[in-house]
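In: Here's my sequence, what's the structure:
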Amino acid sequence: MIKWAIIFAIAAVVLGVLGFGGLAGASMGIAKVLFVAALIVAVIFLVLGVTAAKKIM
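Out: All right, here's what the predicted structure looks like:
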């Protein structure tokens, strides 16, 4: 998911430089959503990993 966020962010920068403002804004919006979603998933897995480790020990 982070990979796609980076791809969309790079696409937004390139589109912004070339003058495609609408497409650049849309690409950056998608990149932000994907990045936040990846952070939420990472935090959930971190919490699940910590709780599982406490139950094992």
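
In: how about the longest helix seen in the chain: buried residues?
Out: In the chain, with assignment by DSSP state H, the single longest helix is helix 21-56. Within helix 21-56, the residues that qualify as buried are 24, 27-28, 30-31, 34-35, counting by 16 or more other C-beta atoms under 10 Å. Using the backbone N, CA and C atoms, a C-beta is placed for each residue, glycine as well.

In: Could you point out which of these is nearest to residue 18?
Out: residue 24 (8.4 Å; C-beta to C-beta).

In: pLDDT (mean, whole number) over the longest helix of the chain?
Out: Per-residue pLDDT values over helix 21-56 give a mean of 93.

In: Tell me the helices and strands packed up against that helix.
Out: Under the contact criterion of 3 or more C-beta pairs under 8 Å, 6 or more residues apart in numbering; DSSP states H and E, helix 21-56 touches helix 2-18.

In: Buried residues, the helix it packs on. List them.
Out: Neighbour count says helix 2-18 has 5, 8-9, 11-12, 15 buried, by 16+ other C-beta under 10 Å.

In: Give me the distance from that helix to the chain's centre.
Out: 12 Å (C-alpha atoms, centre = their mean, to the nearest Å).

In: can you tell me how far residue 41 sits from residue 48?
Out: 11 Å (C-beta to C-beta, to the nearest Å).
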